[in-house]
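Undergrad: Show me the folded form of this:
(chains A and B)
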Amino acid sequence: MSKVDEIGDKLSIPPKFINTVEEINLKLSDTVDKNSQLKNIYVLGEITNLNETSQGHIFFDLKYENDLISCIIFEFKRNKIGSKFEEGEEVVIQGSIDYYEKKGEITLKTNNVFPVGMGKYYKQRKELKEKLRKEGLFKKTHKKSIPKIPETIGVITSNEGDAIKDIVNSIRKRYPDMNIIVKHSSVQGEKAEKQIIEAIKYLDSKQNIDVIIVGRGGGSIEDLQAFNKEKVAKAIFNSDTPIITGIGHREDETVSDYVADKQCITPTEAGKEAVPKKQELIDELNQLENELNTAHEKFKKIKKREQQMKTNKKKLRILKTLTIIMIITIIILIWVLI
Amino acid sequence: MIKDYEKNKEQIESIIKQINQEKFTMEEAEKQKKKAEKIIKETKQKLQIGTKQTKIIKDNSETKKTISKSD
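TA: Next comes the predicted model:
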């Protein structure tokens, strides 16, 4: 008796109605394969979450408003496709829908890519960047210096994401007893823009905060949209407290990064940039203490030697005088005797 | 922020330099050494900032917690 038969008996379900995952996936794969409407199709969307594997395959999502489909370009197709495309670009993909049974995933296998133009979010970011650049918000002369040893660091991020742990841990690793105040803010979605601005104003108004970190983990350009808003960029610019950004991953860039006093590639890096290594500072002071003791000991020895030399000179002078007196005495004695 | 760290370091370095250059009398050197030791001690004390707790502010309510690597 097979396992399905056994379970069917146990649950009183006819075994023919129970599918294994493999069977249902094969049925789905067969349905997709036989549907001609899913073959050699053209799909319009914006490229997002673009990634390349070490084998040379390209994975990305094609997004159109609120809908999304995963796409793949196999390495052997890349030369044929030829055209260059990038994250945020609007394209028409020619390809076929594929159902990968092992993982139960739907993918658009790409045969060709027709660029249409820059995607909505990229266009917005580019325009805002240009506007703020003209207004002078990116000028180095506006950048506030980051204090070498802050006493309190303000952090703006979501208290539910990974970024909070990354920032706090990287600060604590370098400076274990640093004061950290985290102001929770949504970093994605409708509320994010307003909450980030409020959080910046709140922490900036606190007298004891020496530096503020604004951070969140990586994401698509839509996910990072709040950091590409003019009001957020201006709140960063107008903050009297220096601001370090650590938004997304290495490849992500936002308008907020350009305005910030210091831009870091990840939240972890932002934490590192905010504080020195406490142990290194203590080592520096210990080193100075050793140098001070060595210099003082050396000084004492020199002074002692100088003192010794002075005493010796004095003794020598006395000896000289005594010798002269003796010689004179001897001469006088000889003269008297003669 | 700890503003005086660099200034204090410079002051200690200056005292060491002057001792090395034998610019003091024995008595004065002793006095300067004690001054530098005091600065070092105070600077080290200043580096002991706070606690290992992280204050989290959400909806104007504050909570204190220790965020560890295992969190």
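Undergrad: how far is stretch A:41-53 from where the chain is centred?
TA: The chain centre lies 26 Å from the centre of stretch A:41-53; the measure is CA atoms, centre = their mean, to the nearest Å.
Undergrad: Can you pull the phi and psi angles for A:N51?
TA: Dihedral angles of A:N51 (phi, psi; degrees, to the nearest 10) stand at phi -140, psi 150.
Undergrad: what are the bridge partners for the nearest residue to it once chain neighbours are set aside, then?
TA: Nearest non-adjacent residue to A:N51, counting by CB to CB, 6 or more residues apart in numbering or on different chains: A:F59, 4.9 Å away. Using the backbone N, CA and C atoms, a C-beta is placed for each residue, glycine as well. Taking DSSP bridges as the rule, A:F59 bridges to A:N51, A:I72.
Undergrad: just checking, A:F59 touches A:E75?
TA: No: counting by CB atoms under 8 Å, A:F59 does not reach A:E75; the two are 11.6 Å apart.
Undergrad: hey, where'd the strands end up in chain B?
TA: Assigned by DSSP state E, chain B shows strands spanning B:54-58, B:61-65.
Undergrad: weakest of those strands in terms of mean pLDDT?
TA: Among the strands of chain B, strand B:61-65 has the lowest mean pLDDT, at a mean of 63.
Undergrad: how close does A:F60 get to chain B?
TA: 33 Å (CB to the nearest CB, to the nearest Å).
Undergrad: Quick one: residues contacting the nearest residue to that residue once chain neighbours are set aside.
TA: Of all residues not flanking A:F60 in the chain, A:L50 sits nearest, at 4.4 Å (CB to CB, 6+ apart). Neighbouring residues of A:L50 by CB atoms under 8 Å, 6 or more residues apart in numbering or on different chains: A:58-60, A:86-87.
Undergrad: Any quick PyMOL command for the buried ones out of those residues?
TA: Filtering those down to the buried ones (16 or more other CB atoms under 10 Å in any protein chain shown) takes a single PyMOL command:
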select buried, chain A and resi 58+60+87
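Undergrad: Dump the contacts of A:L50 into a markdown table; add pLDDT and distance to B:K17 as well.
TA: What follows is those, written out as a markdown table (pLDDT from 0 to 100; distance: CB to CB, whole Å):
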| residue | pLDDT | distance to B:K17 |
| --- | --- | --- |
| A:I58 | 91 | 61 |
| A:F59 | 92 | 61 |
| A:F60 | 92 | 61 |
| A:E86 | 79 | 57 |
| A:E87 | 80 | 56 |
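Undergrad: Return the distance of stretch A:55-62 from the chain's centre.
TA: Relative to the centre of its chain, stretch A:55-62 is centred 24 Å away, using CA atoms, centre = their mean.
Undergrad: likewise stretch A:46-56?
TA: On the basis of CA atoms, centre = their mean, stretch A:46-56 sits 21 Å off its chain's mean C-alpha point.
Undergrad: spatially speaking, which residue is in the middle of chain B?
TA: Nearest to the mean C-alpha position of chain B, counting by CA atoms, centre = their mean, stands B:T43 at 2.3 Å.
Undergrad: buried residues in the longest helix seen in chain B?
TA: For chain B, the helix that runs over the most residues, judged by DSSP state H, is helix B:26-47. Within helix B:26-47, the residues that qualify as buried are B:29, B:32-33, B:36-37, B:39-40, B:43, B:46-47, counting by 16+ other CB under 10 Å.
Undergrad: was I right about the residue nearest to the centre of chain B contacting B:D4?
TA: Yes: at 7.2 Å, B:T43 and B:D4 qualify as touching, with contact defined as CB under 8 Å.
Undergrad: mind checking how far the residue nearest to A:F60 is from chain B?
TA: 31 Å.
Undergrad: Same question for A:Q195.
TA: Taking CB to the nearest CB as the measure, A:Q195 falls 10 Å from chain B.
Undergrad: so that residue sits right up against A:K201, yeah?
TA: No: applying CB under 8 Å as the test, A:Q195 and A:K201 come out as separate, 10.8 Å apart.
Undergrad: And those two? Which one has more around it.
TA: More neighbours surround A:Q195 than the other of A:Q195 and A:K201, with 20 against 13 (other CB atoms under 10 Å in any protein chain shown).
Undergrad: dump the residue contacts of the spatially closest residue to the more buried one that is not a sequence neighbour.
TA: Distance criterion CB to CB, 6+ apart; nearest residue to A:Q195, sequence neighbours excluded, is A:S185 at 4.0 Å. Residues touching A:S185, when contacts are defined by CB under 8 Å, 6+ apart, comprise A:156-158, A:192, A:195-196, A:198-199.
Undergrad: run the last query once more with 10 Å
TA: If you count contacts by CB atoms under 10 Å, 6 or more residues apart in numbering or on different chains, A:S185 has them with A:155-159, A:191-200, A:202, A:214, A:216, A:226, B:57-58.
Undergrad: May I see the ChimeraX selection of the buried members of those?
TA: Selection of buried members from these for ChimeraX, criterion 16+ other CB under 10 Å:
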select /A:155,156,157,158,159,192,193,195,196,197,199,200,202,214,216,226 /B:57
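Undergrad: what secondary structure does A:N111 sit in?
TA: Recorded secondary structure, A:N111: strand (DSSP: H, G, I helix; E, B strand; the rest coil).
Undergrad: How many residues are close by it?
TA: Neighbours of A:N111 (other CB under 10 Å): 15.
Undergrad: Which residues are in contact with it?
TA: For A:N111, the contacting residues are A:40, A:73-74, A:77, A:80-81, A:93-96, by CB under 10 Å, 6+ apart.
Undergrad: Brilliant, that's me finished.
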